[in-house]
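S.K.: 3D model of this:
(2 chains)
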Amino acid sequence: MSVLRGVLGAVLLTLGLGLTTIGLYGVLRGRDVFSQLHAAGLATGPGVLIVLLASVATGRASIITHALLVFAFVLLTTPLSGHATARAAYRLRTRRGRVRDKAVIDEPDAPEG
Amino acid sequence: MPVIVATAGLVWATLLLAGGGLVLLRARDDLQRIVALDLLVAVVISLLALLSYLRGVSWYLDAALALALLSFVATLAAARYVGAQGLPGPSDQGEPDGPVFTGEDDR
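M.R.: All right, here's what the predicted structure looks like:
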């Protein structure tokens, strides 16, 4: 049982830290904020969540409960902060006119009808 | 969890922290700095969780929770601040150039 837990912990840690590494590479290579947010939101967020899930391998109730608390909080807040950053980037870029110059109709802020 | 696994994870996460610092140094504008700081906080949360697994105590995870809370609030505030740059403020009477968002949907 102890060996099984150790293997499970090693697999989860490798998966989580590998995902975080991929996300870091994506953020490092991204040209603008949107591609950076793509990497940060889709790879780094789940990476942290999987590292927190690896607490199951410790077998201690207090660590698992605390880790699940952090898990729930990170699960809730990562999409929200990513959305806030993307929205700020979109507004800034639209105001500078780069979207309008290309005559792309791309205005979620415009009133409907 | 075996000590060797947790130690290797700690070393890996520390390298990731150095890479996050590189991302922060390479950022060109404020929004990219916000993204880099978000990434750094995620790495530090992983680091604190790994430290908690290694030592077998749970209070490092409390610190991780507090850090996640602070990072969330700070990211929201900084993104709103950056996103409102160039908008006409309450004391700004002139006609600004470029498309203007009225702020009706500023929730």
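S.K.: state the distance from A:Val33 to B:Leu25.
M.R.: From A:Val33 over to B:Leu25 the distance is 16 Å, taken as CB to CB, to the nearest Å. Bear in mind the C-beta positions are built from the backbone N, C-alpha and C, glycine included.
S.K.: when these two are compared, which one has more neighbours?
M.R.: The neighbour comparison of A:Val33 against B:Leu25 (other CB atoms under 10 Å in any protein chain shown) goes to A:Val33, with 24 against 9.
S.K.: so who does the residue lying closest to A:Leu75 once chain neighbours are set aside touch?
M.R.: Distances taken as CB to CB, 6 or more residues apart in numbering or on different chains place A:Leu49 nearest to A:Leu75, at 6.3 Å, with adjacent residues excluded. Residues counted as contacts of A:Leu49 (CB atoms under 8 Å, 6 or more residues apart in numbering or on different chains) are A:16, A:71, A:74-75.
S.K.: against B:Arg28, how distant is A:Leu49?
M.R.: 29 Å.
S.K.: repeat that for A:Val56.
M.R.: A:Val56 is 40 Å from B:Arg28, by CB to CB.
S.K.: again with A:Val48
M.R.: 25 Å.
S.K.: higher neighbour count, these two?
M.R.: A:Val48 (28 against 10).
S.K.: could you point out the helix or strand that follows the helix or strand harbouring that one?
M.R.: Using DSSP states H and E, the element containing A:Val48 is helix A:45-53. As assigned by DSSP H and E, the chain's next helix or strand after helix A:45-53 is helix A:61-95.
S.K.: helices or strands up against that next one?
M.R.: Here helix A:61-95 touches helix A:33-39, helix A:45-53, helix B:30-55, helix B:59-83, going by 3 or more CB pairs under 8 Å, 6 or more residues apart in numbering or on different chains; DSSP states H and E.
S.K.: which residue does chain B have closest to chain A?
M.R.: Going by CB to the nearest CB, chain A is nearest to B:Gly83 of chain B, at 3.0 Å.
S.K.: next, count neighbours for the nearest residue to that residue once chain neighbours are set aside.
M.R.: Spatial nearest neighbour of B:Gly83, chain neighbours left out: A:Ala88 (3.0 Å); criterion: CB to CB, 6+ apart. Using other CB under 10 Å, A:Ala88 has 24 neighbouring residues.
S.K.: for A:Ser2, same thing?
M.R.: Other residues close to A:Ser2 by other CB under 10 Å number 10.
S.K.: next: A:Ile64.
M.R.: Neighbour tally, A:Ile64, other CB under 10 Å: 19.
S.K.: got a list of what the spatially closest residue to it that is not a sequence neighbour touches?
M.R.: The shortest distance from A:Ile64 to any non-neighbouring residue, by CB to CB, 6+ apart, is to A:Ser55 (5.1 Å). Applying CB under 8 Å, 6+ apart, we find A:Ser55 in contact with A:63-64, A:66-68, B:49, B:52-53.
S.K.: kindly report the same for A:Ile50.
M.R.: With CB under 8 Å, 6+ apart, A:Ile50 has these contacts: A:12, A:15-16, A:19.
S.K.: from the residues you listed, which ones fall inside helices?
M.R.: If you go by DSSP state H, the contacts of A:Ile50 have A:12, A:15-16, A:19 in helices.
S.K.: how about A:Gly30: what's its closest non-neighbour residue?
M.R.: Ranked by CB to CB, 6+ apart and with sequence neighbours excluded, the top spatial neighbour of A:Gly30 is A:Gln36, at 3.7 Å.
S.K.: in terms of pLDDT, where does that neighbour sit?
M.R.: Here, the pLDDT recorded for A:Gln36 equals 92.
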